[in-house]
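Visitor: need a 3D model of the following:
(2 chains)
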Amino acid sequence: MNKETLQQNHTESTQVSRRQFLEAAGFSVSLAVLSGCGRAPIQTALPFAEQPVGVIPGVMRSYASTCIGCSAGCGMLVGVRDGRPLKMEGMPEHPISGGGLCAIGQALPLGLYDNHRLKQPLKDGEPADWESVDKAITEQLASNGSAVRLVTSTVTSPTLQATIDQFLNQFTDARHIIFDSVSSSAILDAHEKTHGTRLLPHYDLNHAEVIVSFGADFLGTWISPIEFAKAWSSRRVPTEENPTMSYHVQLEGRVSLTGCNADRRYRLSPDEYGIVLSHLAVEISKLAGKTPPEGNLAASPISAEELSDLSHRLWHAHGASLVISDSQDFEVQLLVNHINHTLGNYTHTIDIERPSYQCQGNDAEVVKLIEELKSGSVSALLVAGTDFTHNLPDHDSLTSAISNVPLVISFAQREDDFASLAHFVCPDHHALESCGDAEPISGRVSLLQPTLAPLGNTRSVLESLSLWSGNQSSAYEILQASWKENILPRVQSEVKSKSFVHSWDIAVQQGFVELETEANSVGEFQPTAVKLVTKQPVEDEFVLTLYSKTGLTDSSHAHNPWLQELPDPVTKITWDNYVCISPTAAKELGVSDGDVIRVETKDGPSEIELPALIQRGQHDRVISIALGYGVRGTDRFANIGPQWLEGRPTVAAGELVGKNAASMIDINGGLFQYSRAGISLHAVKENRPLAATQEYHSLELPKHIAPPGAEIRDAVQTTTLAEYKANPEAGAPHMHHFSDKQLWAEDHTTSGPLWGMSIDLNKCTGCSACLIACQSENNVPVVGKDEVYRQREMHWLRIDRYFMGEDDDMEVLHQPMMCQHCGNAPCETVCPALATVHSEEGLNEQVYNRCVGTRYCANNCPYKVRRFNWFTYPQDDLQTLALNPDVTVRTRGVMEKCSMCVQRIEDGKIAASHSGIPLADGDIQIACQQSCPTQAIVFGDMNDQSSEVLKALHKPRNFKVLDEFNFRPSVGYLRVVKNRDDNHHEGGTHE
Amino acid sequence: MTDKTNILRQRIITVILLVGLMFGAATLLSGMTSWRLPDHEQGYVPQQPINYSHRLHAGELQMDCRFCHSGAEKSRHAGIPSTSLCMKCHKNVTSSFDVLQEELNLADEEKRKPNQVVSVELRKLYDAFSLDEELKPIDGVEPQSIPWVRVHDLPDYVYFDHQAHTAVGVSCQSCHGPVESMQRVRQHSSLSMGWCVNCHRDATEHGMNGQSVHASTDCAVCHY
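Guide: Here you go, the predicted structure:
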């Protein structure tokens, strides 16, 4: 615009034109913007005033400790960096867990950095200081201490047990009641009857050739799942030299994780366990030449041939077989004991001389306490380690009974249901702030180290109880004193000959000790105690089974968003509980997924309304609901995901995550029954969509579109042991035309190692520990229910679950799926920004700072493993402390995916370069591999001829997913082998 | 709408625009002194809370870099020494040598015990370490970190590892420049990606200290 036209414009109009205004305003703004091009905000670097010995900023150090996420007591290495516990890893040397750590253990840091944990004691719901609380409690205990009842969950800690005993000894009428939110009391009671001692046996699956489980989800949640999974998997590896496997039969009403992994799975309603066990007991007694238990046999739901086959298999493996059940039916557990005794499994696969202390819940005692509470005879009620009222039925009458107790004390870490009733809440430390010990199995004691100073003004239960017993010691002093006196003198190794300080240091450093224990004296087996079960189930009623979700277990972890967003390994649903119902029953009821069902008991007023989930393989008469939901305070997750125009809250106003199904627990025969008959279902005209991470469930193609011979997709390949023996490569597809033609020039430069991975699908149970390990290591955000519903979850590692077959002959397959680091990566060729490129070491790299978010790569990824940051996912200040400083926190608009823990690879290489010792196979362990309880994941250098990963990739069972497209993935899978003789489903051998 | 109101309105707008222009120019001018492109901080010399001199310590006194920055060989971060490490020497050295000598001479002349002479800068160190006038710990006051200002600051998506570089013998000066001659530390190199990659390429081609090295230029060597 020249001067003349400007002049003209000016004369034409006396106003500033829109254009002129924008020009001038734009110039001013750009000047201001340019002036902002100075330095970024000044950053300060704060060194220690006094550097603690051994702490190097930026270096992660591991401390041996024990996971107390549940009572299984797995060994754990707490990775602490710059004073922050960040990454939980399994302790490979630990005598119980042997290197695995489940999802709950992995998720501990997020529970630690939680704003909703109590920061100080409460007195009548108001914040108070310890001094006044202690004073009031000791005074009230002195005046009111006639009938003191202390309720805890299972106490495996010998030190805490001693402190509890000492505390209770002060009172004339004091009792310690052990209440497990999911109890195994019937097993203990049955052993009291048959063996004279109330105990929980230690099951040794390492030596079990035949495992028959009636409902016990021992790979998922039952008693000690990490230990069991490791032991179970040790017999699930057929090799060419030794093609043998254990035989695992699961009989269950719902579909459990363990059922998914069984060689043979029968659908059996929990009220039929007794009948089938009776038949087995009779058959096995016959085979053993002993008299069977008294009673008549009812008609069995399982055919005579199959029962005979099963009993022959069990008898054939006598002394190396195992029958277990999670039933809370006393009669059923007696039969289980009888069968195991007849098979001679005691002292072989079942150890009762050195029993387990992992579940000590005594339901009869709890029932007695409830009666006492209702009669008003309790003067002081103390509860530690469990949310007493949340986990029991009959909530209203129980809470009103508790409101009449003169002194109610809770040790809860957050204001849970019971704490809201308590006069005093004396919050315990988080597991990572605590000092303690655990003896989960007789003679195996491990230590719990605090890894940071308590974040709030909390206090260990140990300290609180001993203070109220008149002893002012710290938890550390109490623990040391207890070890000096009781533990270290009984240690097996030469450690005990050393001075206390020395042997204590060794114990702390290695995290556990093994004790010389005297064998528990157990009485003779009482066969007369056992009777056959004859009660026939009622056919037209539903049976409700209440179960724990893998990775959430009970209400104590409900505040952990990682665990809430962890898909259930079987249903793949997040952020909710629901009613699992069989397809047939759903059809009869006229409901589909998400339709709300009202579940009513016949004899009681209990009812619950939850959305339905149609579950293949579920018994037609059985519905199942997960416990541990509907936890007080979980309404906090309403706004957990990104907040945007179309976003819907994770939890509706006034609601909680899921609903508490504890109201449906039946108390029968002094035992908490997690399955009950007499259930009626009513469809409510309402739909509550469930957020699932997987919406395709079958590997079978519909008949009318499947090409001949390809009715079953071969993404997961399976075979049977019989076929494997005949041909180790059985199960490989033959119809595909493999192409090694290259579209692109072979222009990848390579140098040094070539990283690869192998996953043994026969060992992988689908437990999802790796998923949380990955989330914790790689700063994967939580997105909330609505985003999961929109298929926008961010997990870098997902576990695909496929069903094959129907009903009684259903097979379930799990397949961990993450970036396959393809040699011919389809994502790399379409990225316009070169943000995803191939490294010299065979990795498919994602460069966040280059990514512009076109999402072409995700479109072109055949494995669908790429995740897009649709938002910047919000986190509160405290939660950010759980972030791994070695991994970039991605921002909105950036693609991300599994990096094969490249930060660990780089760390490993640098450490090797620093020490001058070349990298050896196994030096670098990636996050998912490290925590895997069954060591199903192997990672290493494929250029190293002796590496484990190369050996695995050369196994005849090895296959690659979508191999026919020549993507050349760096991840191999080992085919599933089921221990079966038949050729069912023609699993994978479609020619 | 009358002409009068139009003119009035135009004047107001003109005044607003002029003010805007002046403000923009003023802020730009004031920023010009330290003006540089984003993420390009070469030559940055921030004022530190204590006027610590690398020229004195690393230059004249020839202290090894790793005496204070011991993390360089063990960790990702070279690290800034803890105050207690400073105190290893500065428990005794409370001021510059000249000043201390002068006081000693004076005391000698006046036949008295020499007074404690504490320099202004070292007083800041003692304050941070909560030491009183006689350098005794003050009861109930926790030692505080000294808020040093970061000179070399890489973006959050870049992972530089000191240990990796010291392990193959890259000298501190190759990146940080002649720190031993700097009174106040200045960012010597650009620390841009091109600068990193050039050095990596060079090292792979020509080796490092006579030894062949493979300094990868894969993205994931630094970005993850």
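
Visitor: let me see the mean pLDDT of stretch A:71-80.
Guide: Computed over stretch A:71-80, the mean pLDDT rounds to 92.

Visitor: same question but for stretch A:307-325, I mixed them up
Guide: Stretch A:307-325 shows a mean pLDDT of 92.

Visitor: got the buried residues for it?
Guide: Of the residues in stretch A:307-325, those buried under the neighbour-count criterion (16 or more other Cβ atoms under 10 Å in any protein chain shown) are A:307, A:310-311, A:314-315, A:317-318, A:320-325. (Each C-beta comes from the backbone N, C-alpha and C, glycine too.)

Visitor: ends of it, what's the gap?
Guide: In terms of Cα to Cα, to the nearest Å, the two terminal residues of stretch A:307-325 are separated by 17 Å.

Visitor: name the element residue 86 belongs to?
Guide: This is for chain A. Counting by DSSP states H and E, the element that carries A:Leu86 is strand A:84-90.

Visitor: that's the wrong chain, I wanted chain B
Guide: helix B:83-90.

Visitor: OK, contacts around the nearest residue to A:Gln120 once chain neighbours are set aside?
Guide: Here the nearest residue to A:Gln120 in space, its sequence neighbours aside, is A:Asn457; by Cβ to Cβ, 6 or more residues apart in numbering or on different chains that works out to 4.4 Å. When contacts are counted by Cβ atoms under 8 Å, 6 or more residues apart in numbering or on different chains, A:Asn457 touches A:Lys119, A:Gln120, A:Pro121, A:Trp130.

Visitor: low-confidence ranges in the chain?
Guide: In the absence of a named chain, chain A is used. Residues of chain A meeting the criterion pLDDT under 70: A:1-16, A:28, A:31-40, A:145, A:494-497, A:604, A:735-740, A:743, A:982-991.

Visitor: the chain in question should be chain B.
Guide: Counting by pLDDT under 70, the ranges of chain B that qualify are B:1-2, B:30-40.

Visitor: sort out for me which of the buried residues of stretch A:307-325 are in helices.
Guide: With helices identified by DSSP state H, the entries of these that belong to them are A:Leu307, A:Leu310, A:Ser311, A:Leu314, A:Trp315.

Visitor: turn these into a markdown table, including distance to A:Arg18.
Guide: Conversion of these to a markdown table gives the following (distance: Cβ to Cβ, whole Å):
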| residue | distance to A:Arg18 |
| --- | --- |
| A:Leu307 | 89 |
| A:Leu310 | 87 |
| A:Ser311 | 92 |
| A:Leu314 | 89 |
| A:Trp315 | 94 |
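
Visitor: how far away is the closest residue to A:Gly196 other than its chain neighbours from chain B?
Guide: Across the structure, with Cβ to Cβ, 6+ apart as the measure, the residue nearest A:Gly196 apart from its sequence neighbours is A:Gly523 (2.9 Å). When distances are taken as Cβ to the nearest Cβ, to the nearest Å, A:Gly523 and chain B turn out to be 59 Å apart.

Visitor: need the contact list for A:Gly523.
Guide: Contacts of A:Gly523 by Cβ under 8 Å, 6+ apart are A:His195, A:Gly196, A:Thr197.

Visitor: secondary structure element holding it?
Guide: Secondary-structure assignment from DSSP H and E places A:Gly523 in no helical or strand segment.

Visitor: now neighbour count too, for the contacts of A:Gly523, in TSV please.
Guide: Supplementary listing: the contacts of A:Gly523 in TSV, determined by neighbours: other Cβ atoms under 10 Å in any protein chain shown:
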residue	neighbour count
A:His195	21
A:Gly196	14
A:Thr197	14
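
Visitor: need these in TSV with secondary structure, can you?
Guide: Formatted as TSV, the contacts of A:Gly523 follow (DSSP: H, G, I helix; E, B strand; the rest coil):
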residue	secondary structure
A:His195	helix
A:Gly196	coil
A:Thr197	coil
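
Visitor: quick check: A:Asn391 vs chain B, distance?
Guide: Distance check for A:Asn391 against chain B: by Cβ to the nearest Cβ, it reads 43 Å.

Visitor: check A:His954 too.
Guide: Distance from A:His954 to chain B, counting by Cβ to the nearest Cβ: 27 Å.

Visitor: likewise for A:Ala558?
Guide: Separation of A:Ala558 from chain B (Cβ to the nearest Cβ): 33 Å.

Visitor: leaving out chain neighbours, which residue sits closest to that residue?
Guide: In this structure, A:Ala558 finds its nearest non-sequential neighbour in A:Val631, 3.7 Å apart by Cβ to Cβ, 6+ apart.

Visitor: chain B contacts on the stretch 351-500 of chain A?
Guide: Remark: no part of the stretch 351-500 of chain A is in contact with chain B, using Cβ under 8 Å from any Cβ of the partner chain.
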